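**Student:** coordinates only, no sequence provided:
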């Protein structure tokens, strides 16, 4: 399928079956624009679709459409009834603001869309403020649910599921960046008073010193998780959850594809992926103390995600020597630094935030929203026929 033509038609409010039919016929947006209105009608286009083809109004950018569909889990942000068809609606009408900005768009079903365009004397209609509030609350619920599905229970230490590694400094930076009050968390947990972390939240074992070189991994230096360090583990586990729930992270476990990555991922995006990763030790790095550098790669279907870790920041000896070595199925949360194409391959460079084993569903299966997302069969942009100029 010519995805470029298909996406161009969808961004102009086409029904996906009709867009697929036109693509299969070899049609392009340019060829449709050159046809008279009578020919467009004979092709089975609705009045709104024909008007969108001829309109001078620019379409909503494809990346904006994908981001909103993903953030809303392909569900109406108002009624949250998953089975209903949905469209993109301009909160401030196009003829007023001329804005396709993400903040000016909301995904709603046809019924709620009618309410948004209706004025009631009793103020029961969907005002702009109500639409924004419903959208933001639904986005938050979706992120919360995605996080719970992806991670399961990680606040406690389990034999079968746990975080094996934290990039402690980067986790603190990202947490502050998404609005987590780190100082409040430290005070509430009493970590500084217990001398488990410094005032910034870094574990005391990350402080520079020759004694660190005497230990295989940092938690071993101060007793390990089972002997006093569980509060630190819980603190960083909590921060990871907060980062995911407060950011529009890209879940790539169920769809590790070039199209999805290019639609959702930009430099600075938080990415979560469960799958096989390769861990390569650097011969020049030591076996004890800081500096146990390893290169981690997730490579599949012409796509490679790569980052480096210092294995000294592992949470246990088994993580250091087993889970994070060779080739292992792990869950990685990372911060994307850059992505670019090299020939037909897509390269993503990142900084790891955390790596864990046994997290989330043991055999991930795409949920209904994910299947709909991949098919694109029920979603279309709001044509806003009255707003076309």
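**Tutor:** Nice, I can see it. The model shown is predicted, which means the values in this text are computed figures rather than measured ones. Numbering: from 1, shown residues only.

**Student:** tell me the pLDDT at residue 207?
**Tutor:** On the pLDDT scale, residue 207 is placed at 62.

**Student:** ditto for residue 55
**Tutor:** At residue 55, pLDDT is 80.

**Student:** where along the protein do the strands fall?
**Tutor:** 86-90, 105-109, 162-166, 250-251, 270-281, 293-300, 303-310, 326-342, 345-357, 379-381 (DSSP state E).

**Student:** end-to-end on stretch 163-182?
**Tutor:** This stretch, stretch 163-182, spans 20 Å end to end (C-alpha to C-alpha, to the nearest Å).

**Student:** quick check: buried residues in that stretch?
**Tutor:** 163-168, 171-172, 174-176, 180, 182 (16 or more other C-beta atoms under 10 Å). All C-beta spots, glycine's among them, are computed from the backbone N, C-alpha and C.

**Student:** could I get the strands of the chain in CSV, plus columns for mean pLDDT and distance to residue 317?
**Tutor:** Output for the strands of the chain, formatted as CSV (pLDDT from 0 to 100; distance: least, C-beta to C-beta, whole Å):
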stretch, mean pLDDT, distance to residue 317
strand 86-90, 85, 50
strand 105-109, 91, 47
strand 162-166, 93, 11
strand 250-251, 94, 31
strand 270-281, 94, 15
strand 293-300, 95, 15
strand 303-310, 96, 15
strand 326-342, 94, 15
strand 345-357, 96, 14
strand 379-381, 39, 49
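
**Student:** residue 10: which of these is closest?
**Tutor:** strand 379-381 (6.6 Å; C-beta to C-beta).

**Student:** remind me which residues of the protein are low pLDDT?
**Tutor:** Counting by pLDDT under 70, the ranges of the chain that qualify are 1-3, 13, 15-17, 119-124, 153-160, 206-216, 220-228, 284-288, 362-389.

**Student:** for this structure, longest helix please?
**Tutor:** When the chain is parsed with DSSP state H, its longest helix is helix 128-151.

**Student:** from the buried residues of stretch 163-182, pick the one nearest residue 200.
**Tutor:** Among the buried residues of stretch 163-182, and counting by C-beta to C-beta, the member closest to residue 200 is residue 172, at 6.7 Å.

**Student:** contacting residues for that closest one?
**Tutor:** Residues near residue 172 by C-beta atoms under 8 Å, 6 or more residues apart in numbering: 182, 200-202, 239.

**Student:** apply 7 Å and report the result again.
**Tutor:** For residue 172, the contact set (C-beta atoms under 7 Å, 6 or more residues apart in numbering) comprises 182, 200-201.

**Student:** what's the separation between it and residue 194?
**Tutor:** Residue 172 sits at a distance of 18 Å from residue 194 (criterion: C-beta to C-beta, to the nearest Å).

**Student:** how about residue 314?
**Tutor:** Remark: distance between residue 314 and residue 194 (C-beta to C-beta) = 22 Å.

**Student:** going by distance to residue 125, which of the contacts of residue 172 wins?
**Tutor:** The closest of these, once distances to residue 125 are taken by C-beta to C-beta, is residue 182, at 41.6 Å.

**Student:** run the chain-centre distance for stretch 352-364.
**Tutor:** Per C-alpha atoms, centre = their mean, to the nearest Å, the displacement of stretch 352-364 from the mean C-alpha position of its chain is 15 Å.

**Student:** now do the buried residues in that stretch.
**Tutor:** Neighbour-count burial for stretch 352-364, with 16+ other C-beta under 10 Å as criterion, is recorded at 352-360.

**Student:** the inter-axis angle of the longest helix of the chain versus strand 86-90?
**Tutor:** 130 degrees (axes from the mean of the first three to the mean of the last three C-alpha atoms, to 10 degrees).

**Student:** chain center to helix 128-151: distance?
**Tutor:** So, by C-alpha atoms, centre = their mean, the centroid of helix 128-151 is 13 Å from its chain's centroid.

**Student:** who touches that helix?
**Tutor:** In contact with helix 128-151 (C-beta under 7 Å, 6+ apart) are residues 71-73, 77-78, 80, 91-92, 106, 116, 241, 244-245, 251, 253, 272, 359-361.
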